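Novice: Predicted model, plus sequence, below.
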Amino acid sequence: MNSKRLVESVAYFFKPQREPVVSEALVHSIVELSNSLGARPLFFTALGAGFELDDCCAFSDDTAGLELWENPIPNRKTELLDALRRNTILGIGFDVPLPTARCRSEWSFSFYFYPGLGRVYCGALATEMTKASLLLRTYEIASRFFDVRYGFAYCMPLGDEPDCYAYGSPRTSLADLRQWLATRSTESRVPATDDECWRRELEGPRRHLEGLFRDAYPLNVVSSAHVRRAALESAGIGLLKKLDESHWLWEIDEEHLSDASDYLARGQSLVRQQYI
């Protein structure tokens, strides 16, 4: 696996939608982003209108599908566009495999959008664009359709599953699986990890939408509630830039990330502090 390839990632969060329908305009915005990166071939996974989340379909103008990893990949672009026009798609994800990929998880571009969960993830190889560019372009797309409340950018190897990190999902390594099985079988009380705390927050109180932080990252998009709770305008850590009427970009140099994290902790502004 291309586990050492660095991936720039962005995650955004908003209030889950009661009518979680993905719009055609949103999909075209994502496709335009992938086109600007030269990302080919583009695959998608959708939920609704006869699509299943584990389906792998091609999004292409070619009438025929293709075959990868000894599996046929049907072209269902026309069906997807029709379903979008009927407002029957509830979640969608796009990805592009690396040229040397041996499976679908070895991707060079990935974009997932689930309105019903209030989550957006975008990832691209670190060589494609700067972290700031990816953050701002993804924000431009997401904020056109939803009231984004919080977001952050980070960089990690593809093998560490950066898309899973965005949502605090368990890693799929054999060691992690063994640890989970051991904990489950012995019913031992193990303190929650930072990932577990974050996952619980996303599935429960969602206080990250009202001012709590997952942590301090080099680039953070924060709402007015975050700025007030952490007193960021007077914190003297990093650079705070206004993006629009109610959102700011909080930029922190790498050497000051631990200081910023400590500052948030002193103000009881971290999600993980709510689960101690």
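Specialist: Nice, thanks for sending it over. Computed from a predicted model, the values in this text were never measured in an experiment. Residues are numbered from 1 along each chain as shown.
Novice: how would you label the residue nearest in space to the middle of the chain: helix, strand or coil?
Specialist: For the chain, residue 121 is the residue whose C-alpha lies nearest the centre (Cα atoms, centre = their mean; 2.1 Å). Under DSSP: H, G, I helix; E, B strand; the rest coil, the three-state class of residue 121 is strand.
Novice: Identify the residues contacting residue 26.
Specialist: 113, 141, 144-145 (Cβ atoms under 8 Å, 6 or more residues apart in numbering). Where you see a C-beta, it was placed from the backbone N, CA and C, and this is true even at glycine.
Novice: ok, now residue 207?
Specialist: Residue 207 is in contact with 201, 271, 274, counting by Cβ under 8 Å, 6+ apart.
Novice: Only the buried subset of these, as a ChimeraX command please.
Specialist: A single ChimeraX command selects the buried members of the contacts of residue 207 (16 or more other Cβ atoms under 10 Å):
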select :201,271
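Novice: pLDDT, distance to residue 245 and secondary structure added to the contacts of residue 207, as JSON lines?
Specialist: Formatted as JSON lines, the contacts of residue 207 follow (pLDDT from 0 to 100; distance: Cβ to Cβ, whole Å; DSSP: H, G, I helix; E, B strand; the rest coil):
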{"residue": "201", "pLDDT": "96", "distance to residue 245": "26", "secondary structure": "helix"}
{"residue": "271", "pLDDT": "98", "distance to residue 245": "25", "secondary structure": "helix"}
{"residue": "274", "pLDDT": "95", "distance to residue 245": "28", "secondary structure": "helix"}
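Novice: re earlier: would you confirm that the residue nearest to the centre of the chain contacts residue 13?
Specialist: No: judged on Cβ atoms under 8 Å, residue 121 makes no contact with residue 13 at a distance of 10.1 Å.
Novice: in a strand, that's where residue 111 is, yeah?
Specialist: Yes: under three-state DSSP, residue 111 falls within a strand.
Novice: Was I right to think it contacts residue 134?
Specialist: No: the criterion here is Cβ under 8 Å, and residue 111 misses it with residue 134 at 10.5 Å.
Novice: More neighbours: which of those two?
Specialist: residue 111 (27 against 22; other Cβ atoms under 10 Å).
Novice: Let me see the contact set for that one.
Specialist: By Cβ under 8 Å, 6+ apart, the neighbours of residue 111 are 30, 33-34, 93-95, 121-123.
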